[in-house]
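> After the sequence you'll find the predicted model.
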Amino acid sequence: MDIVVILFLFAGLLFFTGGAVGILRFPDFYSRLHPAGKLDTLGLLLSLISLALFNLHHFSLGALLTSLKILLIVVFVFLASPTATHAIVDAGVRAGLAPWTKGDERR
Amino acid sequence: MDKQGQENPDRERSLHNDNEDLSPAVDPQDRKLFFYPFVLTFIIMFGIWILLSGKFDPFHLSLGLISCGIVAYLSSDLLFSSPRIKGLLAQWARFIRYIPWLMVEIIKANLHVLYLAFHPRMMELIDPRIVKFQSKLKSDLALVTFANSITLTPGTITVDISVDGNFKVHAIDKASGDPLPGEMERRVAKAFGEN
């Protein structure tokens, strides 16, 4: 059980690290949103699943309710994150920022 | 409840009005059309109430019953747009069957972006582009679900949708942008019974 929890947690952290590295490395505003908006979503899913499992260690009704609440956070993030990403991209388009294409200088 | 909030307000209002025309309880048939969405909304609301309160004494339960009843009465047409019980359950069953496929796609595509983020020659691999296409989906809810699914699968972000389903998608490289609309659109169409 502990091994599963640790595996999930490390997988989640790997995705979070990838997200952070991606934000630093990608060349422009739009492509930075790809790791920022999405690698975080999966990282959060994996690490929160591991937390929910870890919380069920000493099984009781209260612990079950807490685990379900943790999973409810995942559901809301899955709805909110793409919407927020879309809003940020939309703001960039409205401000007239042209997307980076191959061969340009990185910004 | 959550998906409807993202639609543009005009369409939402007209949707609301359509259902309000059905709900005034004049003859028994109309009363029945109002009843099932009310009961289902109430059950979901009360489940979430119990989950969030975690208290099982009569005081908190009755408080939950009353407030869930009021909220379900006022907004039962928001969560379930179809007034018929059969179409309603079938629609949700189809939608739930869509979720596992979406999860697999999310994980596959996440691994792809993770690979790109750590790749030493990342600048040569990526090739950002704007992909434009016309979607065949009709209803607002299907379009919003499709747009959110596109954004959730990494490598692609929905930039803009028009009301008639004209998509603009920002893709990180050719491999991410090419499969659109393709299979995801077919699956969304199936999930909302539009084919």
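Alright, I've got the coordinates.
> Within range of chain A, give me the residues from chain B.
Contacts of chain B with chain A, taken as C-beta under 8 Å from any C-beta of the partner chain, map to B:2-3, B:6, B:51-52, B:54, B:106-107, B:109-110, B:113-114, B:116-118, B:122-123, B:126-130, B:147-148, B:151-155, B:157-160, B:170, B:172. (C-beta placed from N, C-alpha, C; glycine too.)
> out of these, which are buried?
B:6, B:106-107, B:109-110, B:113-114, B:116-117, B:122, B:126-130, B:147-148, B:151-155, B:157-160, B:170, B:172 (16 or more other C-beta atoms under 10 Å in any protein chain shown).
> quick one: pLDDT of A:L13?
At A:L13, the model reports a pLDDT of 90.
> Where does it sit: helix, strand or coil?
helix (DSSP: H, G, I helix; E, B strand; the rest coil).
> Let me see the contact set for it.
A:G43, A:S47 (C-beta atoms under 8 Å, 6 or more residues apart in numbering or on different chains).
> Regarding B:K55, what is its secondary structure?
Recorded secondary structure, B:K55: coil (three-state DSSP).
> where's the residue lying closest to it once chain neighbours are set aside relative to B:W49, distance?
Nearest residue to B:K55, sequence neighbours excluded (C-beta to C-beta, 6 or more residues apart in numbering or on different chains): B:L61, at 7.9 Å. Using C-beta to C-beta, to the nearest Å, B:L61 is found at 9 Å from B:W49.
> Look at these two and report which has more neighbours.
The neighbour count for B:L61 versus B:W49, taken as other C-beta atoms under 10 Å in any protein chain shown, is higher for B:W49 (18 against 15).
> so where do the helices sit in chain B?
For chain B, applying DSSP state H gives helices covering B:9-22, B:28-53, B:58-79, B:85-118, B:122-125, B:140-152, B:174-177, B:182-191.
> Which one, of those, ends up nearest to A:G92?
A:G92 sits nearest to helix B:140-152 of all the helices of chain B, at 14.1 Å, using C-beta to C-beta.
> the inter-axis angle of the closest one versus helix B:182-191?
Counting by axes from the mean of the first three to the mean of the last three C-alpha atoms, to 10 degrees, helix B:140-152 lies at 150 degrees to helix B:182-191.
> which secondary structure elements does helix B:140-152 contact?
helix A:61-94, helix B:9-22, helix B:85-118, strand B:156-161, strand B:166-171, helix B:182-191 (3 or more C-beta pairs under 8 Å, 6 or more residues apart in numbering or on different chains; DSSP states H and E).
> now, of the ones you listed, which is deepest in the fold?
Across those, averaging neighbours per residue (mean count of other C-beta atoms under 10 Å in any protein chain shown) puts strand B:156-161 on top, at a mean of 22.
> Tell me which other helices or strands that strand touches.
Right, strand B:156-161 is packed against helix A:29-34, helix A:61-94, helix B:140-152, strand B:166-171 by 3+ C-beta pairs under 8 Å, 6+ apart.
> Show which residues not belonging to that strand make contact with it.
A:30, A:33-34, A:37, A:82, A:85-86, A:89-90, A:93, B:109, B:130-131, B:135, B:143, B:147-148, B:150-151, B:166-172, B:176-177, B:180.
> pull the helix or strand with minimum mean pLDDT from chain A.
Each helix and strand of chain A was given a mean pLDDT (mean pLDDT, DSSP states H and E); the minimum falls on helix A:29-34 at a mean of 78.
> And the next helix or strand past that helix?
helix A:40-55 (DSSP states H and E).
> And chain B, is that following helix touching that?
Yes - applying C-beta under 8 Å from any C-beta, one finds helix A:40-55 touching chain B at A:T41, A:L42.
> chain center to that helix, what's the gap?
Distance of helix A:40-55 from the chain centroid (C-alpha atoms, centre = their mean, to the nearest Å) equals 10 Å.
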